[in-house]
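K.L.:
below: sequence and its predicted model.
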Amino acid sequence: MFLALTEMRRAKVRFGLLAGAVGLLVFLILFQQALLSGLINQFIGAIKNQSGQVLVFNDQARRNLDGSIILPAQQAAITKVDGVETASPLGQGTFTVTAVNDNETETDAVLFGYVIGQPGAPTSLVEGRLVEAADEAVASEKDRDAGFDIGDVVRIEPGGASITIVGVARDINYSVQPVLFVEFGTFEAAKRTRNPDAAAIFPSVIAIKVAAGRSAADVARRINEQVDGVEALTRQEAVDGSPGVSSVRTSFTVILGLFYLVVPLVTGLFFLIVTFQKASALTLLRAIGAPARSLVWSLLVQVVVVMTIGSLVAFGLYSVAIQGVSNLGVHVEVMPAVVTSLVVLALALVTSLVAVRRVLRIDPLLATTGAGVAL
Amino acid sequence: MLPLRELRRRPSRFIVATVVLSFLATLLLFLGGLLDGLYLGSTGAIRAQPGDVIVFSSGARDSFLRSRITADLRADVESADGVDAVGGVGFVLLGAKVPTKAELADVTVAGYELPPKGVPPPPKDYQGTADSSLKDQGVGLGDTILVGPAESPITIIGFVDDTSFLQQGAVWVNLPTWRAVQNANRPDSAVADDVVQTLVVKGSVVKGSVVKGSVVKGVADGRSLSEVIDAATANATSTLTVDEAVLALPGVKQQGQTFDQIIYSTFVVVLAVVGLFFSLLTIERIGLYGVLKAIGASTPRLFAGVVMQAVIVAIIAFLIGSLLAIGAAFALPAKVPLQLIPSRFIFTFAGLLLAAVLGSAVSLRRVTRVDPASAIGSAS
């Protein structure tokens, strides 16, 4: 332990560079993990946290709410499927709105229109109440400070209804925009405000409550078998299948995988080179009686210290960087950082085993042969 | 050349740095490729527009899908100073049935009047020029695709490169066809016969004279074309340059900023890794440097050798990293929007070289401090 720390103190630049590189790499892992979970929540929070157990899309929409409309005949057919207790329209659309209480700021908002008391209502209410009448809304908690707090008024543009926020719910954003869950009639009116030429307003999807004792997956399968031109998905399938979500997941998985590969590789190879360079000194230590276990212990202590310093540097950078993406609703979380640091430490210890093996192979007798000691 | 000879005779000494840098080069290319894929796949249809500015209705917050330009508003735009040509544009994002394919294709039906780059003049009704990315989804020349829930037919009469919109390949049709498709498949977004979503405007301008667009020729107060148009419509419009309209697309700006942060942080890691490994190598060779200095080698010459080795390692790592990234691009599913373009390779190569040179500079201090006298009596 004493040897390990003394060596680190005397070779500050060498170990400092390694700790810095590890810190940056771990920071990038933490940052991207936070970004991934934030992005996914912000993309599809509203689907995840609504009460419909099954969502029925138009099959042409390719699981995209923006591209889906359900025709009246399809809705009627869905209602008759065995296992469907309630089938109710759920509309979605992006609108220009004015946040009246935020200095009349014009912004984008996504409206989800559902029938009061039916599936499609937000399920993560944290304050206030659900919608009970027209021109009321439940807004996303993240946007409270942007004029979407309880009691605030939001006006649909151009010159449409003024909607009062009566509740706020957690993680109900959609496409990284503020969300308002409103009564379906309010949604229809907003659509007509935006486009007076609209020929008809159809729901985007049908939200289903399944009958007692039936599974959502079974009901979704039955709807797909019995109704033409629709694609029924359980809530989780709708979340996972949302456009962008799976490609974002795949992309980030590859990136994170590469980062998880690089960190232990850098660490393991660094300690291998250092062990090579210290060959003569290590042989001498073994010759004067230092047990191999002590030398291995010193090496492992150095790995742990470097990784710990690197992780602390990473956490500091992560805490600062996360402020820059606070609009994604991500917060500094200690547990994921600790878990990531432990995983990276374990991987670094594994790759350091190559250096450990070299130390164990030292022959103390070589110290008597003078120069040219090699491992 | 001593540094080259060392690289040739003791390659194992440099494997460590090469392997790590290769992974980092792959990572950089992969990150850049994703950014490029997201950017190019979302913005091609806008970048291809032939005009100087794009005119949105003022309440649309620069969203193509929400903007509505009526005939009256268009007349105001056409009468503005410096306006030479005006063309309507409209987009609708839909699924399409492709002959012989079970899977639906994601398409953007795009109506136009002024032909975008590479697109021929507006075709006959229900004919369209498809973005070449749709070939991957089974669309072929002469195919009739059935678009949207109403299965509106469009016959493909040609292909054009790099005109996707929000990750969906465009099918360029005339404006009446776009309106018919929109009204049949999106009754809630139906438009009247004389309505378009936005206008593309060509103007008589002096390019690049002011920050927001270009100054209109003959307008004494030096206003930009955007300002002249918005004034002519009494601010019922919001006019952006094509570049501004690209950045106004949902997510484009934010994606760019986020990925750039990650890419530049990774370059800092490359810098640290190169610095780390070459400082270790230099420590290993201190004795040797003492001997070389004793027989007359100068510090700049020794340092140049270190830099040369770092550059060669970076070049080899870049080549390996490029092959890995290209392999990954082939192996990954098509839904991952990875696009490896030549400019990204050049940028990454330049960045790696710069990081290698700067990283190897960490060794400069040690090389400078080597005392030739230390060679006397030193065995190694």
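P.N.:
That came through fine. Numbers count the residues shown, from 1 in each chain, chains lettered A, B, ... in the order given.

K.L.:
let me see the domain layout of the chain.
P.N.:
Picked chain A for this. With automatic domain parsing serving as the domain definition, the record reports that chain A contains domains spanning A:2-43+A:246-369, A:46-242.

K.L.:
you looked at the wrong chain, it should be chain B
P.N.:
According to automatic domain parsing, the ranges for chain B are B:2-42+B:252-375, B:46-248.

K.L.:
touching stretch A:58-65 from outside, list them.
P.N.:
By Cβ atoms under 8 Å, 6 or more residues apart in numbering or on different chains, the surrounding residues in contact with stretch A:58-65 are A:47, A:57, A:67-71, A:74, A:92, A:174, A:204-205, A:229-231, A:233, A:238, A:241-243, B:93-95, B:104, B:106, B:148-149, B:185. (Glycine included, C-beta is placed from N, CA and C.)

K.L.:
swap the cut-off to 7 Å and go again
P.N.:
Outside stretch A:58-65, the residues that touch it by Cβ atoms under 7 Å, 6 or more residues apart in numbering or on different chains are A:57, A:67-70, A:92, A:204-205, A:229-231, A:233, A:238, A:241-243, B:94-95, B:104, B:106, B:148-149.

K.L.:
is the longest strand seen in chain B positioned near chain A?
P.N.:
For chain B, the strand reaching the highest residue count under DSSP state E is reported as strand B:83-97. Yes: among the residues of strand B:83-97, B:93-95 lie within reach of chain A under Cβ under 7 Å from any Cβ of the partner chain.

K.L.:
could you dump the domains of chain A to JSON lines with mean pLDDT and mean neighbour count?
P.N.:
Compiled in JSON lines, these are given as follows (pLDDT from 0 to 100; neighbours: other Cβ atoms under 10 Å in any protein chain shown):
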{"stretch": "domain A:2-43+A:246-369", "mean pLDDT": "83", "mean neighbour count": "18"}
{"stretch": "domain A:46-242", "mean pLDDT": "92", "mean neighbour count": "20"}
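
K.L.:
select, out of these, the one closest to B:Arg223.
P.N.:
Taking Cβ to Cβ as the criterion, B:Arg223 comes closest to domain A:46-242 out of the domains of chain A, the separation being 23.6 Å.

K.L.:
any idea how far apart the tips of the closest one sit?
P.N.:
End-to-end span of domain A:46-242 (Cα to Cα, to the nearest Å): 12 Å.

K.L.:
follow-up on the earlier one: report the angle between the next helix or strand after the longest strand of chain B and strand B:83-97.
P.N.:
Beyond strand B:83-97 in the direction of the C-terminus, DSSP states H and E gives the next helix or strand as strand B:105-112. If you take axes from the mean of the first three to the mean of the last three Cα atoms, to 10 degrees, strand B:105-112 sits at 160 degrees to strand B:83-97.

K.L.:
near chain B, which residues of the stretch 101-250 of chain A?
P.N.:
With Cβ under 7 Å from any Cβ as the criterion, the stretch 101-250 of chain A comes near chain B at residues A:106, A:108, A:157-158, A:175, A:191, A:194-195, A:197-202, A:229, A:246-247, A:250.

K.L.:
which ones among these are found in strands?
P.N.:
Using DSSP E to define strands, the subset of these located there is A:106, A:108.

K.L.:
show me where the stretch 201-350 of chain A has its strands.
P.N.:
Using DSSP state E, counting those that start in this stretch, the strands of the stretch 201-350 of chain A run over residues A:205-210, A:230-234.

K.L.:
distance to B:Ala356 added to those strands, as TSV?
P.N.:
Supplementary listing: these in TSV, determined by distance: least, Cβ to Cβ, whole Å:
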stretch	distance to B:Ala356
strand A:205-210	53
strand A:230-234	50
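
K.L.:
can you pull the phi/psi pair for the closest residue to chain A within the stretch 201-350 of chain B?
P.N.:
Per Cβ to the nearest Cβ, B:Ala272 is where the stretch 201-350 of chain B lies closest to chain A, at 3.8 Å. Taking degrees, to the nearest 10, you get phi -60, psi -40 for the backbone angles of B:Ala272.

K.L.:
tell me where the longest helix sits in chain B.
P.N.:
Determined from DSSP state H, the single longest helix within chain B is helix B:12-47.

K.L.:
can you give me the end-to-end distance of stretch B:365-373?
P.N.:
With Cα to Cα as the measure, stretch B:365-373 spans 17 Å from end to end.

K.L.:
any residue of it touching chain A?
P.N.:
No: where contact is defined by Cβ under 7 Å from any Cβ, no part of stretch B:365-373 touches chain A; the two come within 8.9 Å at best.

K.L.:
run through the helices of chain A in chain order.
P.N.:
A:2-10, A:12-48, A:72-79, A:184-194, A:216-226, A:235-241, A:245-277, A:279-287, A:292-324, A:334-351, A:353-360.

K.L.:
and for chain B?
P.N.:
Defined through DSSP H, the helices belonging to chain B, from first to last, are B:2-9, B:12-47, B:71-78, B:175-185, B:225-232, B:242-248, B:252-284, B:286-294, B:299-331, B:342-360, B:364-369.

K.L.:
dump those into a markdown table; add mean neighbour count and mean pLDDT as well.
P.N.:
Formatted as a markdown table, the entries for the helices of chain B read as follows, by neighbours: other Cβ atoms under 10 Å in any protein chain shown; pLDDT from 0 to 100:
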| stretch | mean neighbour count | mean pLDDT |
| --- | --- | --- |
| helix B:2-9 | 13 | 78 |
| helix B:12-47 | 22 | 87 |
| helix B:71-78 | 16 | 94 |
| helix B:175-185 | 21 | 94 |
| helix B:225-232 | 23 | 90 |
| helix B:242-248 | 17 | 91 |
| helix B:252-284 | 20 | 80 |
| helix B:286-294 | 18 | 81 |
| helix B:299-331 | 18 | 89 |
| helix B:342-360 | 19 | 91 |
| helix B:364-369 | 15 | 77 |
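
K.L.:
show me the one of those helices that comes nearest A:Ser51.
P.N.:
Nearest to A:Ser51 among those is helix B:175-185; the distance by Cβ to Cβ comes to 28.6 Å.

K.L.:
would you mind listing what in the stretch 151-300 of chain B touches chain A?
P.N.:
That would be B:183, B:187-192, B:195, B:250, B:258, B:262, B:265-266, B:268-269, B:272-273, B:275-276, B:279-280, B:283-284, which are the residues of the stretch 151-300 of chain B within reach of chain A (Cβ under 7 Å from any Cβ).

K.L.:
please repeat the previous calculation with a cut-off of 6 Å.
P.N.:
Residues of the stretch 151-300 of chain B lying close to chain A (Cβ under 6 Å from any Cβ of the partner chain) are B:187-192, B:265, B:268-269, B:272-273, B:275-276, B:280, B:284.
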